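*Asks:* Here is a sequence with its predicted model. Questions after.
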Amino acid sequence: MNPQEKAMYDILLLTPGPTPLPLTVRAALERPILHHRTDEFGIVFRELLAGLQDVYRTKNKVLVMTCSGTGAMESSVVNLLSPGDRALVHSTGAFGDRFAEILRAHGLEPVVLSEEWGHAADPERLRKALRSEKGLKACFFQHTDTSTGIVNDLKALSAAVREGSDALVVVDAVSGLAAEELETDAWGLDAVLSASQKGLMCPPGLAYAALSPRALKACAAAKLPRFYFDWRTMLKSIDKAETPYTPCVPVIVAQVEALRLIREEGLENVWKRTAELAAYARKELSGMGLRLFARDASDILTAAWLPEGTDGRALLRAMRTEDRICFGGGQEKLAGKIVRVAHMGAITRADLDRGLAVLRRRLAKAHA
Ligand code: PMP
């Protein structure tokens with residue numbers, strides 16, 4: 001790299017995905033490419049599947065797709081549902097709304113329960129909705145909604161579904177997996193979707209789906225059209241430690257290394273460390289005089305309102321280009337109004353301190 005290129009890459013990501021890569025994950029990305037129809041690849045792929053089962057806390061099969069998290073979300077819709085099926089989306093922000101959009105794109109008309117942004121999904125509201133909405137095939141939730149920085153009580157939500165219906169519990173854990181508590185089997189979650197570039201500390205490129213026996217049964221009966229995302233094709237090749245099509249091999253190799261790091265630290269210690277960083281971030285941001293956005297705050301990121309009159313887009317751009325710190329901004333109706341500070345994956349207390357010092361200085365200067 002020439003010095004100009006080097007400078008371009010010299011940015012600390014305090015964003016909720018992609019997150020920074022640990023050094024050994026970066027080193028894994030430099031290994032020569034493996035061919036995906038070989039025994040050598042099979043060894044690595046089996047290690048990936050076992051490591052994913054550990055972070056998902058499941059004995060279920062975990063499928064691996066070459067796509068981003070949204071692809072995994074779409075795969076759950078086309079593999080679990082048929083034309084005319086009824087489904088419910090309990091939305092807590094932009095990513096819940098995305099589930100509704102995907103369902104509509106496939107000709108389905110979901111029942112949408114929307115919470116105020118910053119609030120978690122209310123199990124009581126869900127129970128009430130389930131009493132009046134009969135014959136639902138699936139209920140869709142987020143584990144953490146990255147747009148608002150909330151965490152849902154999936155254990156309670158899943159229990160509410162099970163009390164009132166036979167609907168499948170589908171969870172987007174794209175930003176929360178391996179960062180905040182999630183128990184696929186113990187909480188009875190049927191399809192749990194994730195992606196490589198957040199808590200799993202890898203580059204973007206891979207998405208995952210952990211599937212319960214109930215989800216597998218629904219997949220076999222579902223009638224929506226599907227091809228690339230057909231889980232049935234993936235299930236046929238997974239026992240041979242293969243994927244149906246050419247997978248993103250370098251990210252698979254990197255993911256095995258990132259999962260090794262998580263195993264070494266202990267998953268519960270990762271959750272604990274993330275929670276401690278979150279508590280610290282909330283304290284520091286409040287100490288700067290910023291009002292925190294989420295009532296039911298996640299541990300993966302903290303969202304805070306910027307002071308009245310701040311041009312949030314310009315502030316974030318200046319911090320990125322001049323201070324070399326990249327924060328998340330507000331999405332959709334929150335664009336320019338909030339800052340989202342991530343503290344998941346490989347982000348350390350020292351990284352957070354560096355970023356927060358820059359934010360503190362910029363805000364003090366702007367509002368002096
Ligand atoms: N769901 C959640 C909760 C997310 O945070 C994201 C990514 N920000 C997505 C889905 C979509 O993932 P991708 O951008 O990888 O398609």
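*Replies:* That came through fine.

*Asks:* Which single residue of the chain ends up nearest the ligand?
*Replies:* Among the residues of the chain, residue 69 lies closest to the ligand, at 2.7 Å counting by Cβ to the nearest ligand atom. Yep, even glycine has a C-beta here, placed from its N, CA and C like the rest.

*Asks:* Test my guess that that residue contacts residue 200.
*Replies:* No. With contact defined as Cβ atoms under 8 Å, residue 69 does not reach residue 200; the gap is 10.7 Å.

*Asks:* Give the residue spans of the stretch 1-150 of the chain that score low on pLDDT.
*Replies:* Within the stretch 1-150 of the chain, no stretch has pLDDT under 70.

*Asks:* hang on, residue 359 packs against residue 320?
*Replies:* No. Counting by Cβ under 8 Å, residue 359 sits too far from residue 320 to count as a contact (11.9 Å).

*Asks:* If you count surrounding residues, which of these two has more?
*Replies:* Ranked by neighbour count (other Cβ atoms under 10 Å), residue 359 and residue 320 place residue 359 first, with 24 against 16.

*Asks:* element containing that one?
*Replies:* In this structure, residue 359 sits in helix 349-366 according to DSSP states H and E.

*Asks:* For this protein, what lies in contact range of the ligand?
*Replies:* 17, 68-70, 95, 142, 145-146, 172, 174-175, 195 (Cβ under 6 Å from any ligand atom).

*Asks:* Same question for stretch 118-138: list its buried residues.
*Replies:* 118-123, 126-127, 129-130, 133, 136-138 (16 or more other Cβ atoms under 10 Å).

*Asks:* Now do it: distance to the chain's middle.
*Replies:* Relative to its chain's centre, stretch 118-138 lies at 22 Å (Cα atoms, centre = their mean, to the nearest Å).

*Asks:* Likewise for stretch 161-168?
*Replies:* Between the centre of stretch 161-168 and the centre of its chain there are 24 Å (Cα atoms, centre = their mean).

*Asks:* so where do the helices sit in the stretch 201-350 of the chain?
*Replies:* 213-221, 231-238, 249-265, 267-287, 312-321, 349-366 (DSSP state H, counting those that start in this stretch).

*Asks:* out of these, deepest packed?
*Replies:* Of all the helices of the stretch 201-350 of the chain, helix 249-265 carries the top mean neighbour count, a mean of 20, counting by mean count of other Cβ atoms under 10 Å.

*Asks:* can you pull the contacts of residue 135?
*Replies:* Contact analysis of residue 135 by Cβ atoms under 8 Å, 6 or more residues apart in numbering lists residue 86.

*Asks:* Helices - which of the buried residues of stretch 118-138 land there?
*Replies:* Residues of the buried residues of stretch 118-138 located in helices (DSSP state H): 123, 126-127, 129-130.

*Asks:* Can you show me the strands along the stretch 101-250 of the chain?
*Replies:* Taking DSSP state E, counting those that start in this stretch, the strands of the stretch 101-250 of the chain run over residues 111-114, 136-142, 144-145, 150-151, 168-172, 191-195, 206-211.
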